[in-house]
Structure formats: structure tokens, C-alpha cells
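Chemist: Sequence first, predicted coordinates after that:
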Amino acid sequence: MNLTKTIGCVLLLTCWVLTSCIAPFKNFEAYAPPPAPDYSKEINWASLPTKKDSADAVPYYSTLKDGQATTMVDVFFVYPTTYYKSKSWNADVDDKHVNRKTDKYPIREMASVFNGSCKVYAPRYRQATLYAFLDKKDNGRKALDLAYEDVKAAFMYYLKNYNNGRPFIIASHSQGTWHAIRLFKDFIEKDAQLRKQLVAAYLIGGPVAKNAFTTISACDSAAQTNCYVAWHTMKWGKSPSKPTNAYKNVAGYDNFQQYECTNPLTWNRDPSVPDASLNKGAVPYTFDRIDAGFSQAWCTSEGALWTYKPRKPGYPAIKNYHILDYSLFYINIRENVKLRVDSYLKKH
């Protein structure tokens, strides 16, 4: 066997081993679902503006400040997958290991980007295991449906008990964006008052289909409100994959054409390549510095956001920069949230 075939066989075997390690052994119905969270209890929220949590953080040694105490706007943040186990299709919200991982990474390194301009609300939910997005049967979609039941319940609780008619942002990443898309269809698109309260949405790492919504359009300028931004970061030259079985019957994917892409360096959908100087600052997973002028980024015709391989420590050197969707553009996002919030408040 020549070297090329040997490498190919090793990669296939590695892929098979990894997949088998995260794939639940039984069908969805064979597992008793974890108890549904009670959102009247603070413990079932990863972040609330009234308690000390990871969303209060700012990068170490920076001059950034947590402004949740005085802001007039909320953000409802739905975090990505942090559960990769095969023992069940859905995580238990009382799983301390999963919660620590959630708080250390997506809450600290993603949700915190909003704390300068928004009060941060992030519910814990019975997230679907990572394999749900790879499953070719209906198990994965059933697991995601169960997870969405929690996100929907949390959003309804937020509206009734926390919002008090305040303007808000919906933000998400990865699996969280899968659920946020459904929130848009079930609430925002059906309720004109909620659309008036919506400052903007950051539906990141979804991916989001171009034809996902009928009443809300993609943003095309930095200060635009009542719109949404979306991107999925990939290494230069890589094409985004088509929606998996998990996306069937979710808004926009039944007639899928291409993904939506907003450039976080320019905040428009123009395919031009802006200069790296427009990158105000990336933040590594160590959360201990701000790297200004970090990299260029540009949207492709297929809807991917291309960038170059990170050349500084603290950024995983992988081909799909999905886990860096927020980190690579942390300061750009933070400043843009403030701009959209200020623009919205001036209008209203």
C-alpha cells in the first residue's frame, strides 16, 4: 500500500473512531430525557444581569467595562454545543462538567461581547449532543427539537418576567443559532410588537440560509437596526457544506440556495476583501489580550466567510474556524453592538 492510500485509510479510521465515540448507542426514544429546567430558578440561567457570572467578564488587561448595570437594552443569548457525549441524545442542565465548559468558553468568550451595551440573559437548556448534527436518521432532529423546547420556554419566560417592554437583541452561535432561527419563525415573524423591540440579531455560525425569513432582512450597514447579521468562518479556499439532515423543516432549508454572510469587518454583504486594519481586535481562548489588525475576512459567493490561518498563539489552527466565529472579531462585534444600540435608541 502506498503512502497516499495509507494516510487515507488512517484518516478514515480516525473519523470512524471519533464518530463512534460521540454517537449515542440507542435511538432517541430509548433514553429517558433529563428533567426540563425551571426558568424561575436562577440556577437554570448561565447568565443573568442580576448575578455574577461569566458573561460579566472582559478580556484580562483590557480597558473594557461591563455596562450591564446601566444599559437600556437586553440580549437573549443561545450558546453553542458543549455536550459531546454518547450516553444520551440530550444534556442534563444539572451536569456540572457541561456547565463549567459552557461558562468558561461560550459564555465568557462569546456572550461577554454584549455586556458593554446589553444586559445578558443566557438560559441553560437540554442541548442536543454534537452527533445530532451528523445523524442521518431522525434521532438528531428529535434531540434538537427537545433542546428547542427549552430555548422556547426560556424566551417566553424572559419576555414575561424580565423584558418589561425593553428593546432586545437575539444572539447565538452554532446549535444556538439553529434554535434562534426557530425563535424568529415562532415569535419575531409573527409578532409586530416584538419586531419593533428588536434592535438586531447576531445569528452566527449557524449557518443561516438566505431565504430563512420573510419579515426580517439581513443587515447591510453597521448602524442598521431591525435586521440580522450572519457568518460562518472558514479557512481560505474551503467551501461550506450543505445543510445536514438536522436542518430539514427548519426555516429556509427546505428551499436551500446559499448561506447568508455579513462581513464583521465592514458590516455589509459586499464580497470585496477589506484590509486587515479594519479588524479592531481578536481575543484568544486564553482571554488575556486583544490582537488588533489580526486578519482579513471576506464573504464568498457560497456564503462562507473566508480568512487566513491564525498565526498567533491562542487560536486553534484548524481548517474550519467555526469555534472562532466570535473570537476573531471580538472587538468589532462589541463596537458594532454599541453602534446599533445607540442607533436604535435615537430612533425610539
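Modeler: Received the coordinates, thanks.
Chemist: low pLDDT regions in the stretch 1-150 of the chain?
Modeler: Across the stretch 1-150 of the chain, the ranges flagged by pLDDT under 70 are 1-20.
Chemist: And the next helix or strand past the helix or strand harbouring residue 97?
Modeler: Element membership for residue 97, per DSSP states H and E: helix 96-102. Moving toward the C-terminus from helix 96-102, the next helix or strand (DSSP H and E) is helix 108-109.
Chemist: Each with direction, which strands does the helix or strand following that next one pair with?
Modeler: Next along the chain after helix 108-109, taking DSSP H and E as the criterion, comes strand 119-123. Sheet pairing here is set by DSSP bridges, and for strand 119-123 it gives strand 45-47 (antiparallel), strand 74-78 (parallel).
Chemist: Out of the ones you listed, which is the most enclosed?
Modeler: strand 74-78 (a mean of 27; mean count of other C-beta atoms under 10 Å). Glycine gets a C-beta too; all of them are placed from N, C-alpha and C.
Chemist: follow-up on the earlier one: contacting residues around the helix holding residue 97?
Modeler: If you take C-beta atoms under 8 Å, 6 or more residues apart in numbering as the criterion, helix 96-102 is touched by 46, 79, 82-83, 91-93, 124, 127.
Chemist: Tell me which entries of these lie within strands.
Modeler: Judged by DSSP state E, the subset of the contacts of helix 96-102 located in strands is residue 46.
Chemist: Any chance of the contacts of helix 96-102 in TSV with distance to residue 199 as columns?
Modeler: Shown next, in TSV, are those (distance: C-beta to C-beta, whole Å):
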residue	distance to residue 199
46	21
79	20
82	27
83	30
91	30
92	33
93	28
124	24
127	26
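Chemist: Farthest-apart pair in the contacts of helix 96-102, please.
Modeler: Pairwise distances across those (C-beta to C-beta) peak at 15.6 Å, for the pair 79 and 92.
Chemist: more neighbours, those two?
Modeler: For residue 79 versus residue 92, neighbours defined as other C-beta atoms under 10 Å are more numerous around residue 79 (26 against 17).
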